[in-house]
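Asks: how would this look folded up:
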Amino acid sequence: MTSTAAVVRPKLPRVGGEIDAYCTKCRMDLNHRIIAMVGEDVKRVECLTCHGDHNYRRPLAEREKEKERKAMRAAIHAAPGTTPKSSGPRTERGGSGKLAAKQLWERSITGQPPTAFKSYTVKQTFATGELIRTRASATASSRASSMPKKSRSSSRTARAPWRRRWRRKKTTD
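Replies: Alright, predicted model coming up:
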């Protein structure tokens with residue numbers, strides 16, 4: 001007797017069909033309806049939850065699995081005694097690097113006497129970590145301290161005249 005085992009083939013995506021995708025509006029992996037394809041590639045989908053349409057993005061779970069596979073391949077194919085390229089944690093673009101630099105700068109100038117800062121000139125060269133006083137920073141700080149402070153309410157009404165009218169109406173009632 002010959003047994004016929006059913007061969008399970010994955011369904012090919014088609015326009016009007018459903019597929020799991022990452023919704024950019026809901027920010028979750030959800031069911032989507034395929035609304036555009038080029039060849040066998042899904043290009044555009046509509047979320048069945050929020051009804052927003054956007055370009056197709058693979059679900060996060062699939063992307064994470066792909067990253068794990070790539071990391072495993074890199075670890076297997078790496079020469080013995082060497083480390084993979086990305087040995088440290090990845091930092092966010094621009095955000096944490098700027099914050100860390102600002103915190104480092106604030107720590108380095110805290111408690112320094114004014115004599116610790118060198119005057120800046122174009123002809124001089126400076127080493128990393130030296131504290132420099134520029135003419136612009138010196139004049140800006142003296143200008144800021146000599147200018148009178150504006151009251152908060154006057155600056156608010158100057159920027160938004162509609163608020164002034166609304167307040168007048170409110171006070172006359």
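
Asks: Could you say which helix or strand holds the residue nearest to E18 when sequence neighbours are not counted?
Replies: Using CB to CB, 6 or more residues apart in numbering and skipping the chain neighbours, the partner closest in space to E18 is N31 (5.4 Å). To be clear about C-beta, it is placed using only N, CA and C from the backbone, and glycine gets the same treatment. Using DSSP states H and E, N31 maps to strand 28-38.

Asks: Toward the C-terminus, what is the element adjacent to that strand?
Replies: Once strand 28-38 ends, the next helix or strand along the chain (criterion: DSSP H and E) is strand 41-47.

Asks: Can I get that following strand as PDB, trimmed to CA atoms?
Replies: Extracted C-alpha coordinates of strand 41-47, given in PDB (Å, rounded to 0.1, in the frame of the first residue of the first chain):
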ATOM      1  CA  ASP A  41       6.200  40.900  -4.200                       C
ATOM      2  CA  VAL A  42       3.600  42.600  -2.000                       C
ATOM      3  CA  LYS A  43       3.900  46.400  -2.300                       C
ATOM      4  CA  ARG A  44       0.900  48.000  -0.600                       C
ATOM      5  CA  VAL A  45      -1.500  46.700   2.100                       C
ATOM      6  CA  GLU A  46      -4.500  48.000   4.100                       C
ATOM      7  CA  CYS A  47      -4.700  47.400   7.800                       C
END
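
Asks: Which elements pack onto it?
Replies: Strand 41-47 sits against strand 18-23, strand 28-38, strand 53-55, with contacts defined as 3 or more CB pairs under 8 Å, 6 or more residues apart in numbering; DSSP states H and E.

Asks: Which one of the ones you listed lies nearest to A100?
Replies: Judged by CB to CB, the one of these that comes nearest to A100 is strand 18-23, at 30.2 Å.

Asks: contact partners of the closest one?
Replies: With contacts defined as CB atoms under 8 Å, 6 or more residues apart in numbering, strand 18-23 is touched by 13, 28-34, 42, 45, 47-50, 52, 54, 56-60.
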